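Visitor: Mind looking at a prediction? Sequence and model below.
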Amino acid sequence: MTLQIDHSGGQVILTLNGEPSVSGVKELHASLVAHLTPESKVLLNASHLRRVDAAVLQLLHAVARYVRTFDVTESSPELTQALQLVGLDKPVEAPPGGAARLPTSEVARRRA
Amino acid sequence: MAFTPPDLLELTRAAFRQEADELLAELDTTLLQLEAAPDDEALIHRAFRAIHTLKGSGATAGFLDVSSVLHGVEDTLGEAREGRVVVTGAIVDLVLRTTDVVRRILQGEGGDSALIEEGHAAVRALAEHAPRVAAGARPSGFLGAAPAPPGGPEGDVGVYSVRFVPARSGFRSGKDPLHLLRELEGLGVMVVAARTGDVPPLLDLDPELCFLSFEAQLATRSPLETLRSVFALVEAEAEVAISAVPATKAWVLGPTAYFDQETIDGFVGEARENLEELEAEVVALEDPPREGGRMDGIFRALHNLKGQAGLLLSDVRLPPPPDHPLFALRDLCHSAEGLAERHRGEERPSIGAEGAQILLQAVDLLETLLASFLEARAAGGEARALLDRIARIGGPHEAAAAAPVARSVFASVADQCQIVVGSTLRPGERTEDLTPIELKSMQRALQTLARAAAFEGRTVVHQKAEVLISACRDYPSSDDRSAAGERLVLHYRGVEDAIRRAAEGVSPPAVSPPPTPEAASDRPQARATSLRPPKPARATDRAPAAAAADGVASRSLRVDQHKLDQLLRAVGELLVARNSLPTFAKRLEGERSAIARDVKDVGERISRIADDLQSAVMAIRMMPIRVMFQRLPRLVRDLARSEDKQVQLVVFGDDTELDKAVIEQLSDPLVHLVRNAVDHGVETPDERRSAGKREQAVVDLKVTREGSFVVIEIADDGRGLRVEKLRDKAVEKGLLTRAAADALSREATYELVFLPGFSTAEAVTSISGRGVGLDVVRNNVRQLHGTVTVESEAGKGSTFRVKLPASLMVSKAIVVEASDDQYLFPIDSIRELVKLDRSEIHRIGQHRFAHIRGSIVAVTSLAGLLGLEDRDAGGEGRTAAIVRTRLGDVAVIVDRLVAEIDVIVKPLAEGLDRLRLFQGAAILGDGRVALVLDPSQLGAVAQAASLARAAR
């Protein structure tokens, strides 16, 4: 599992690859907490995510609620299916002053 | 009363047998194609549809055994459709085995328990051996790939509510909730809502603890225990609650919970097209001068969409809950359609700004509802609000107009409906004692008609069918059954009239103004035809010729063959009667020449009419030979497999038409010849390789028309017939002396294979025969007044050529006279008529021969053959008919040639049928009965003569 965090034009671009799971979720959480603020505009590129478990989905959900905006720009089929399976593909509750949603239009487009 | 209940049931069963026969033949073809292209989704869908239709129709017709066997097959093909089962040759084999069982059940009475068990065994093997794809490897997206509820009969689909709260330590224990949910999803169609309210903010979150919980609803055929077993490993620490939920009170589930994937795909494609058209037309309402025309398009799009949604909702495997978006979509279309209807046409008032805005909102909302349908979301309150708004600005929705529509599905259903209902509600028949079964049958047929009519936008038919359905429902409780029966007949006339008008493309004037040229464009028709309910989708699967014929399908009608035969016999009698007119005219000549002329004139007119009538009736009986060929690919495939051969069957000209009776009687001989080609003609791949040939042999089946005859050639590129071996075998079997065998020409040697007891297998190959010789084939073909010949070349293959009259009912014959009696020769048996000079006839012992056009032809006299006195007047020469026989031509001397006439050959009465020289009898123009000679028996004489000649 690799997490790459880039800052570009006021946005935080997260690139999450491999097979993140509960075994690495603590480190993942720590990295995200270190780089994100409630004002962050987050773009997630998960095009090379091969596998994901519920612990990682829970973490992504928490991130989406925490930051100002959260968009999945690229999703792998595995992530899309997992989000849809548990019903986390619906918009999440918006944080104060923000409009976070999961998934993004990309996920919605794929499904359509 | 037209039909008693057993009659009605038998009618239904007979109709199903016929339908099943066609479907099974198509299914065989599809399965063989699928075997060659196992990834072809269209073929999988086609096979599934055929099985589904057979299963449903079988159950309706009372063939519950058939239905139960096919149910299992349908399940497996359903899984294949959803990408969960891989189609292999073994799977195709097993499906074919079950269809064979179904055939055998239908051929008998269906009560053979061993047979049914055989079918179930094949189904079990199918379920057991079907290679399944791992859950994560499903090829398409979540909703698209969601499986149909598996296992058990369709009626057992249940909806369960599942509440799953994993333990806080759920992640750490290694039992990923996602994994359990996936397993649960594999049991059916599921919707999950993750509860995230307990998940702490990111900064406070311990990511290794589980704060998620899940609520799901699952449509499945699995029992409750199976659902519980999914959570067996976590039940000690997690909270799991599972309970049944009434389907109508359940959540809105994914569309595959209610409909099959193909139907969904079809609906969504059509709905999107309609919505696009609708949006374009509504937006263009800003162009007031053309508003009336726009409104036609808007009305049509809404009407189509409503019909499509209604059709979808009419055939569900699980009742959707009331808040299912499809209900809202249908209702909104209906309401908006009413609004558009009130503003169609130039004379109607403009829809106005508010109306246009409502329509625009309706378009947006319809798009949202379509998305909700796909995403398993309930309809919100917006639809209700908009419906209320439409109701406020308008009145009740008037009857909708019939949009221009496609015809195939509707036509087929209408035909069937008219057979069922029309048989019961005949004008003038008693209708006061209709039975519950008759009423039920009529209602079922009418409901199907109403659905098809709604689907194709034939509103008037739909409405009239609904009225009749309602009248059927009211009938049992009516105090005055006679009046109620009359009402049924009256309403049925209305249905018939509406069907007829729809078929003719006539818009009923009482309902709506005729569509404008723009409205009559073919666009909606094209869309309507592409969305087909499962059963009539067969039309698109047929060969191009059949598909092309679809355009006139609405004018077709299934007719009992017996009735058609009666009609044709009547036409035949007319033709024969016509023959008598010249005789009468001749008798009138001289004394009453004026009357004679008149009789001749009338005779010629009747003759023309009779010819036209004959042609028309004959055309009705003609059907493409494809019907018979459909079983051959399967036959070739099975036979080739059993003998480890590779054989490709190539068919040419299968759209050639033959009389139905010919096709039915030709089936067995043709199957034998094709089997013979694969069995004896074609070599094994090793042998072919050694001979420098491709491993895969080719058997060509070619049909051509030659005048009033049809020629069928069965050609293989196998080992061919070896002349020397055939001759040796004839000597070995004592059929010929060595000298006689050696004297046989090449062609005559090939003819040996048609002799009874002459086994080509032993002579040519070493593969044993199947107990039925080619002599049987030849006899069968002869009974059809046809011939079968063979040409061959050693090492290169053989070609069997079957030549048949395209129709059997009326044939031409030559009337000849022998010893003052008249006899008939079938004209197709006569090569030519000649005048033989006495000097041309030679005698050797008891046998006579003549040199005719350089060939030696056996000569015999008809009188001699019949044991009559030969009245040789001793003149210059003798008249002879050169008759084709299997061993060459025979010149049959007759006293006089009388005429060429049309005849209907009737079989000889019992007791007379032993007269071997005659194949039947026919009535002559003057009313006398004449015997029809059987050329094949004349051939036996020629054969004896030929052999005698050779022996000398």
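Guide: Okay, I see it. Residues are numbered from 1 along each chain as shown, chains lettered A, B, ... in the order given.
Visitor: What segments of chain A are strands?
Guide: A:2-8, A:11-17, A:41-46, A:69-75 (DSSP state E).
Visitor: Just send these back as a markdown table, with mean pLDDT too.
Guide: As requested, the strands of chain A are exported to a markdown table (pLDDT from 0 to 100):
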| stretch | mean pLDDT |
| --- | --- |
| strand A:2-8 | 88 |
| strand A:11-17 | 91 |
| strand A:41-46 | 90 |
| strand A:69-75 | 86 |
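Visitor: Would you reformat these as a markdown table and include distance to B:Asn579 and mean neighbour count?
Guide: No exception for glycine: its C-beta is placed from N, CA and C like everyone else's. Listed next are those as a markdown table, based on distance: least, C-beta to C-beta, whole Å; neighbours: other C-beta atoms under 10 Å in any protein chain shown:
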| stretch | distance to B:Asn579 | mean neighbour count |
| --- | --- | --- |
| strand A:2-8 | 97 | 12 |
| strand A:11-17 | 92 | 19 |
| strand A:41-46 | 89 | 21 |
| strand A:69-75 | 84 | 21 |
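Visitor: which residues of chain A score low on pLDDT?
Guide: A:1, A:90-112 (pLDDT under 70).
Visitor: Give me the neighbour count for the closest residue to B:Arg694 other than its chain neighbours.
Guide: Computed as C-beta to C-beta, 6 or more residues apart in numbering or on different chains, the closest residue to B:Arg694 that is not its neighbour in sequence is B:Arg688, at 6.7 Å. Burial measure for B:Arg688: 20 neighbouring residues, criterion other C-beta atoms under 10 Å in any protein chain shown.
Visitor: residue of the stretch 801-950 of chain B with the smallest distance to chain A?
Guide: Chain A sits closest to B:Ala806 of the stretch 801-950 of chain B, with a gap of 55.5 Å, by C-beta to the nearest C-beta.
Visitor: Just the buried positions in the strand or helix carrying the residue nearest to B:Arg694, please.
Guide: Taking DSSP states H and E as the criterion, B:Arg688 maps to helix B:685-690. Across helix B:685-690, burial judged by 16 or more other C-beta atoms under 10 Å in any protein chain shown covers B:Pro685, B:Arg688.
Visitor: I'd guessed B:Leu721 sits against B:Lys796; true?
Guide: No: if you go by C-beta atoms under 8 Å, B:Leu721 and B:Lys796 don't touch, sitting 10.3 Å apart.
Visitor: the more surrounded of these two?
Guide: B:Leu721 (24 against 13).
Visitor: Quick check on the more buried one: phi, psi?
Guide: Per-residue torsions, B:Leu721: phi -90, psi 140 (degrees, to the nearest 10).
Visitor: and the strands of chain A as a markdown table, adding distance to B:Glu74?
Guide: Below are these laid out as a markdown table (distance: least, C-beta to C-beta, whole Å):
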| stretch | distance to B:Glu74 |
| --- | --- |
| strand A:2-8 | 46 |
| strand A:11-17 | 42 |
| strand A:41-46 | 39 |
| strand A:69-75 | 35 |
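Visitor: quick one: average confidence on stretch B:353-364?
Guide: Averaged over stretch B:353-364, pLDDT sits at 85.
Visitor: got the contact list for residue 44?
Guide: With no chain named, the answer covers chain A. A:Leu14, A:Leu16, A:Leu60, A:Phe70, A:Asp71, A:Val72, A:Thr73, A:Glu74 (C-beta atoms under 8 Å, 6 or more residues apart in numbering or on different chains).
Visitor: that's the wrong chain, I wanted chain B
Guide: By C-beta under 8 Å, 6+ apart, B:Ile44 lies in contact with B:Leu34, B:Leu77, B:Ala80, B:Arg81, B:Val87.
Visitor: Where does confidence bottom out across those?
Guide: Where pLDDT dips furthest among the contacts of B:Ile44: B:Arg81, at 75.
Visitor: Give the helix, strand or coil label for B:Thr799.
Guide: The three-state assignment at B:Thr799 reads strand, by DSSP: H, G, I helix; E, B strand; the rest coil.
Visitor: Quick check: phi and psi at residue 40.
Guide: Using chain A. According to degrees, to the nearest 10, A:Ser40 has phi -70, psi 140.
Visitor: oops, I was thinking of chain B
Guide: phi -70, psi 100.
Visitor: Disregarding residues adjacent in the polypeptide, which is nearest to it?
Guide: Spatial nearest neighbour of B:Asp40, excluding adjacent residues (C-beta to C-beta, 6+ apart): B:Leu34 at 6.5 Å.
Visitor: And the residue nearest the centre of chain A, how far from chain B?
Guide: Nearest to the mean C-alpha position of chain A, counting by C-alpha atoms, centre = their mean, stands A:Leu60 at 4.5 Å. Separation of A:Leu60 from chain B (C-beta to the nearest C-beta, to the nearest Å): 10 Å.
Visitor: report the longest helix in chain B, please.
Guide: Ordering each helix of chain B by length in residues (DSSP state H) puts helix B:5-36 first.
Visitor: ok, and for whatever helix or strand comes next after that helix, which residues are buried?
Guide: Per DSSP H and E, the first helix or strand lying C-terminal to helix B:5-36 is helix B:41-60. Going by neighbour count (16+ other C-beta under 10 Å), the buried part of helix B:41-60 is B:43-59.
Visitor: residues touching B:Glu817, list them.
Guide: B:Tyr823, B:Val894, B:Asp895, B:Arg896, B:Leu897, B:Val898.
Visitor: Is it correct that it falls within a strand?
Guide: Yes: under three-state DSSP, B:Glu817 sits within a strand.
Visitor: Can you tell me how far the closest residue to it other than its chain neighbours is from B:Ala850?
Guide: Leaving out its chain neighbours, the residue that sits closest to B:Glu817 by C-beta to C-beta, 6+ apart is B:Arg896, at 4.2 Å. Note on B:Arg896: its distance to B:Ala850, by C-beta to C-beta, to the nearest Å, is 19 Å.
Visitor: cool, A:Leu3 as well?
Guide: Distance from A:Leu3 to B:Ala850, by C-beta to C-beta: 104 Å.
Visitor: How about B:Val95?
Guide: Distance of B:Val95 to B:Ala850, computed by C-beta to C-beta: 62 Å.
Visitor: of the two, who's got more company?
Guide: The neighbour count for B:Val95 versus B:Ala850, taken as other C-beta under 10 Å, is higher for B:Val95 (27 against 21).
Visitor: For that one, give me its contacts.
Guide: B:Val95 is in contact with B:Leu31, B:Ala47, B:Ile51, B:Val73, B:Thr76, B:Leu77, B:Leu126, counting by C-beta under 8 Å, 6+ apart.
Visitor: distance of the second one from B:Val66?
Guide: B:Ala47 sits 16 Å away from B:Val66 when distances are taken as C-beta to C-beta.
Visitor: before we move on, what SS does B:Arg884 have?
Guide: Strictly by three-state DSSP, B:Arg884 counts as strand.
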